[in-house]
Structures are given as structure tokens and as C-alpha cells.
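J.: Below are the sequence and a predicted model; questions follow.
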Amino acid sequence: MAMAELGLKASYSKTHHRHLSLLSARCFPTKQRCAFGGLNNAHYYPTISSSLAPNQVQAQSVQSQEEVNSKHDDCFGVFCLTYDFKAEEETSSGKKLIKVAVSGAAGMISNHLLFKLASGEVFGPNQPIALKLLGSEKSFQALEGVAMELEDSLFPLLREVSIGIDPYEVFQDVEWALLIGARPRGPGMERADLLDINGKIFAEQGKALNAVASRNVKVIVVGNPCNTNALICLKNAPNIPGKNFHALTRLDENRAKCQLALKAGVFYDKVSNMTIWGNHSTTQVPDFLNARIDGLPVKDVIKDHRWLEEEFTEKVQKRGGVLIEKWGRSSAASTAVSIVDAIRSLTTPTPQGHWFSSAVYTNGNPYGIAEDIVFSMPCRSKGNGDYELVKDVVIDDYLRQRIIKTEDELLAEKRCVAHLIGEGSAICDLPGDTMLPGEM
């Protein structure tokens, strides 16, 4: 049996090769494979001795490394090392490894989100997880840095990390896809240009999900304009149920709950049944008519109805822009928290009589909203990743008028991306006030 002397003795057997390699080998991926460095760091490991001839040790070591590379051809660092995943696939709780893809993984939102995912905060303290991180050629070096930080954090539930720039590789067999990466709207850029540029990204990612992801993958689109990007993505993934696609409006819901709590003088956990209707833009409709404070209708608690109709609505719609003006940066941390909230709402049974907001596919909706768009509506879940639309909501004339306005905006966005969803040539007749909450 070959022995290596590094202040302690470690076996070159398959079982212990992982521990030795953890000290001596670094795995830096190319676009498809990982390459190991040799055992040549004399500064840290001055003596290596073996009871076998050197060529025998080298042959066995190379063979083990080739085994690893062939087994995990898109892994990173410590996650490339010899590891019996089949034996460790289920924890003592009996939960199988869950595969989660994150696009824009080198960005600020992901910088907050990935560590929540890896720690067990999102899917639970006994759920092993594999993170599959998608970046671009420009961001690939930063993506390596993200993977290194995940390595160094020693999360016991994080069993795999892979990074790449090809969605067809990164999305292989994923059960959740969190699509964050998108180009922000720059100075002088028309909204139609942003829809076209980002729409092409999400059309390609939809095709990749359709080709290689789990047939029941849940997709949450965060990159803006997220409602229409989600529509583009689902239209390019015909083999995945349209119901599995969401656009993130949970941050808008959280902002609305905060404002109602402040006005009522209560803690935010007293606010429930807060619906955001429509688009993640400044036409969104925060619904105070159906919301509750400590179980009572909001209008029974907050008597200043003018504040509700004017100041409250505007504060929620423009909160992102005000934050950027104050802080000089976008709301990355609170966006990451809202992604966590959105996932938990789908993986945890909704309390009786409560609901949450998510922008989902409108086909078959009970509210009279135009079909074939992605529109934020009130949802409930049994905790299985699926949801149902809430039927027992009140829509008065005030609410209906505002729902129609945000609906018209989304229909205009849909016409603007017709070429990306298989509906002919694009016709861009966007309203002049169509803006994201963070745009000035």
C-alpha cells in the first residue's frame, strides 16, 4: 500500500485520495473540463515518500485524476475530487440531491443568493444541493472567484458546484432555474431595444431548458423586463408546462407590506394577502383592497383612503428608483431575499386563507385578464412546487381600471417581441411611461 508522508500518513486508496488531493490539487475548469495540478508545492509539502516505486505512485495518481475528470467534467475545485456521490446522494433524512441552476451567477444579486442556497436556508437544513452556475465569457473569471468562495465556506449540504457559459451544459437535468442574468437598461436605451437584447438571451435559455432540463423544472425569471422575458422563455420551451414559469414580483409584494405596516404602526408580519397585479414596472398594481392587517381589511385599519390610492401605490411602484437615488446602487440584497421568499412560497404549504404574489402564465385565469401573457396574480401552493390561482378576491372599478392599464402595457411588450415567440414580425407601440421600478 503506497503511503505519502505529509506530517501525517494518508493512503492513496480511492477512499482517501480525496483528502490528500484537497491539500495538493487545484481544479480550474476550462469551458468543459477540469485539469488538476500535480503534487509539486514544495513550500507546503516538503517531503513525500512512498513504499512503491515513484512511477507506480505516479501511474496510480494519474489514473485517479483521469477517473475524476471523466466523472465530473464540469466541476470546480474541491467538487472535482474523488467523491462517492451515489453513496452520499441521500442524507439521513432521505432527501435526494436537488440541482439548481443560477444565471448571472457572478452578479450582485447572486452574490447574496448563492450562499443562502448553499447553507440550506432556502430548501431546508437537510436538503443536499448542487449549484450549476451560468456566466458569460466576460464574467468567467469572476465566476471562478464565486466558486472559490463557495468552496471556502464549507457548506455541508453543498455537494456539487459547476460553472460554465453554455446553458445547454449548465441546465442539464436541473430542477430549478433561477434566471437572474440580463443586461440593464443604459442611458439613452429605448425600452424596445432592452426587450430585444434581453429577449434573445431568454429565448436561448428557454431552448436550452427545453432540451436538457428536468421536464418539471421550475423557472423563476428575475432579469428585466422579467414578465416578458418569462413569456419569451416559456414560449421557447414547449415541452415544459407554461405553469412552471414565474417572473419575480415578490420584492414588490414585500415593499408593499412594509409600507402598509409602517402606516398602520404594526410589525410587517401582521400584513397578509398582499397582491401585486400585472407587470414588474411602474404600472404594477399593489392591491390594498384584498390585503389584510392582523386579519382585518386594510381599509378598515387605515382610514386614510386617499393615502392608499395615491401615496401608497406610488411609493411601491417607485421604491427601487428611490433606493438607487439614495444609495447609488440597485436593490441586490432585498432582491435575493425576495427570490428566497418566492421559492419558499412554492415549497411550503400556504396557510389557510392566505396567498402570495407571483407573475405567472395567464391561460385559464379567473379574473378576465388577457391570456397568453405573464401577469402577477394571487397564488396559493400545497408546497409541492406547484400553485393554484386564488378565486376569492374582490375586484372593484378602481382596481379593474389599474389592472387594465398594466395589462395593456404587457400586451404591448408582447407585440414588441413577437419575433422571439414565433408570432411574426415585431410591432413596438410601447406606452411612454413603461419603466421598471428602478428606472429614473
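T.: Everything's here; your move.
J.: Going by C-alpha atoms from here, please, whenever you check contacts or count neighbours.
T.: Noted.
J.: so where do the strands sit in the stretch 51-200 of the chain?
T.: 98-103, 129-134, 158-164, 176-179 (DSSP state E, counting those that start in this stretch).
J.: Save those as a markdown table, and put in distance to Leu113 too.
T.: Listed next are the strands of the stretch 51-200 of the chain as a markdown table, based on distance: least, C-alpha to C-alpha, whole Å:
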| stretch | distance to Leu113 |
| --- | --- |
| strand 98-103 | 9 |
| strand 129-134 | 11 |
| strand 158-164 | 14 |
| strand 176-179 | 10 |
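J.: possible to save the ones you listed as TSV with mean pLDDT and distance to Ala147?
T.: Listed next are these as TSV, based on pLDDT from 0 to 100; distance: least, C-alpha to C-alpha, whole Å:
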stretch	mean pLDDT	distance to Ala147
strand 98-103	98	12
strand 129-134	98	9
strand 158-164	95	7
strand 176-179	98	17
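J.: Redo those as TSV? Include mean neighbour count.
T.: Converted to TSV, those look like this (neighbours: other C-alpha atoms under 10 Å):
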stretch	mean neighbour count
strand 98-103	24
strand 129-134	24
strand 158-164	24
strand 176-179	23
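J.: Looking at those strands, spot the one closest to Ser272.
T.: Closest approach to Ser272 among these (C-alpha to C-alpha): strand 176-179, 25.4 Å.
J.: Any idea how far the closest one is from the middle of the chain?
T.: 4 Å (C-alpha atoms, centre = their mean, to the nearest Å).
J.: For Ile109, list the residues it contacts.
T.: 180, 332-333, 335-336 (C-alpha atoms under 8 Å, 6 or more residues apart in numbering).
J.: In PyMOL, how would I select just the buried ones from those residues?
T.: PyMOL command restricting the contacts of Ile109 to the buried ones, with burial defined by 16 or more other C-alpha atoms under 10 Å:
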select buried, resi 180+332+335+336
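J.: Just the contacts of Ile109: which are in helices?
T.: Of the positions in those, 332-333, 335-336 sit in helices, assigned by DSSP state H.
J.: So which of those residues is the closest to Leu251?
T.: Checking the ones in helices among the contacts of Ile109 one by one against Leu251 (C-alpha to C-alpha), the nearest turns out to be Thr335, at 6.1 Å.
J.: Need the nearest residue in space to that closest one, chain neighbours excluded.
T.: Nearest residue to Thr335, sequence neighbours excluded (C-alpha to C-alpha, 6 or more residues apart in numbering): Leu251, at 6.1 Å.
J.: give me the number of residues near that neighbour?
T.: Close neighbours of Leu251, defined as other C-alpha atoms under 10 Å, add up to 24.
J.: Could you check which helix or strand contains it?
T.: Here Leu251, judged by DSSP states H and E, is contained in helix 250-264.
J.: Check which residues of that helix are buried.
T.: Buried, per 16+ other C-alpha under 10 Å, within helix 250-264: 250-261, 264.
J.: Any chance you could list what contacts that helix?
T.: The set of residues external to helix 250-264 that reach it, using C-alpha under 8 Å, 6+ apart, is 267-268, 270-272, 274-276, 280, 286, 293, 301-302, 312, 315-317, 319, 334-335, 338-339, 341-342, 356-358.
J.: Give me the subset of those residues that lies in helices.
T.: Going by DSSP H, the helices hold 301, 315-317, 319, 334-335, 338-339, 341-342 from those.
J.: For Val174, give me its contacts.
T.: 98-101, 213-214, 217.
J.: Show the pLDDT at Ser61.
T.: Here, the pLDDT recorded for Ser61 equals 40.
J.: could the ones in helices among the contacts of Ile109 go into JSON lines alongside distance to Lys391 and pLDDT?
T.: Output for the ones in helices among the contacts of Ile109, formatted as JSON lines (distance: C-alpha to C-alpha, whole Å; pLDDT from 0 to 100):
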{"residue": "Ala332", "distance to Lys391": "33", "pLDDT": "92"}
{"residue": "Ala333", "distance to Lys391": "33", "pLDDT": "94"}
{"residue": "Thr335", "distance to Lys391": "28", "pLDDT": "96"}
{"residue": "Ala336", "distance to Lys391": "29", "pLDDT": "97"}
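J.: Would you mind listing the two of these that lie farthest apart?
T.: Ala332 and Ala336 (6.2 Å).
J.: thinking again about what came up before, pull out the buried residues from the contacts of helix 250-264.
T.: The buried subset of the contacts of helix 250-264 (16+ other C-alpha under 10 Å) comprises 268, 271-272, 274-276, 280, 286, 293, 302, 312, 315-317, 319, 334-335, 338-339, 341-342, 356-358.
J.: need the helices for the stretch 51-200 of the chain, in chain order.
T.: 54-71, 85-88, 108-119, 140-152, 167-170, 191-212 (DSSP state H, counting those that start in this stretch).
J.: ok now the fourth one, how far from the chain's centre?
T.: Translated: helix 140-152. On C-alpha atoms, centre = their mean, the centre of helix 140-152 falls 17 Å from that of its chain.
J.: Quick check: mean pLDDT of it?
T.: 96.
J.: Repeat that for the third one.
T.: Per-residue pLDDT values across helix 108-119 average out to 97.
J.: Keeping just the C-alphas, turn that helix into PDB.
T.: Extracted C-alpha coordinates of helix 108-119, given in PDB (Å, rounded to 0.1, in the frame of the first residue of the first chain):
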ATOM      1  CA  MET A 108     -24.500  41.200  -7.200                       C
ATOM      2  CA  ILE A 109     -27.900  39.500  -6.700                       C
ATOM      3  CA  SER A 110     -26.300  36.100  -7.000                       C
ATOM      4  CA  ASN A 111     -23.600  37.100  -4.600                       C
ATOM      5  CA  HIS A 112     -26.300  37.400  -1.900                       C
ATOM      6  CA  LEU A 113     -28.400  34.500  -3.100                       C
ATOM      7  CA  LEU A 114     -25.900  31.700  -3.700                       C
ATOM      8  CA  PHE A 115     -24.800  31.500  -0.100                       C
ATOM      9  CA  LYS A 116     -28.400  31.300   1.100                       C
ATOM     10  CA  LEU A 117     -29.000  28.400  -1.300                       C
ATOM     11  CA  ALA A 118     -25.800  26.600  -0.200                       C
ATOM     12  CA  SER A 119     -26.500  27.000   3.500                       C
END
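J.: Tell me what angle it forms with strand 98-103.
T.: If you take axes from the mean of the first three to the mean of the last three C-alpha atoms, to 10 degrees, helix 108-119 sits at 170 degrees to strand 98-103.
J.: So for helix 108-119, what gets flagged as buried?
T.: 108-119.
J.: and it, how far out from the chain's middle?
T.: From the chain centre to the centre of helix 108-119 is a distance of 9 Å (C-alpha atoms, centre = their mean).
J.: report the angle between the axes of it and helix 140-152?
T.: 30 degrees.
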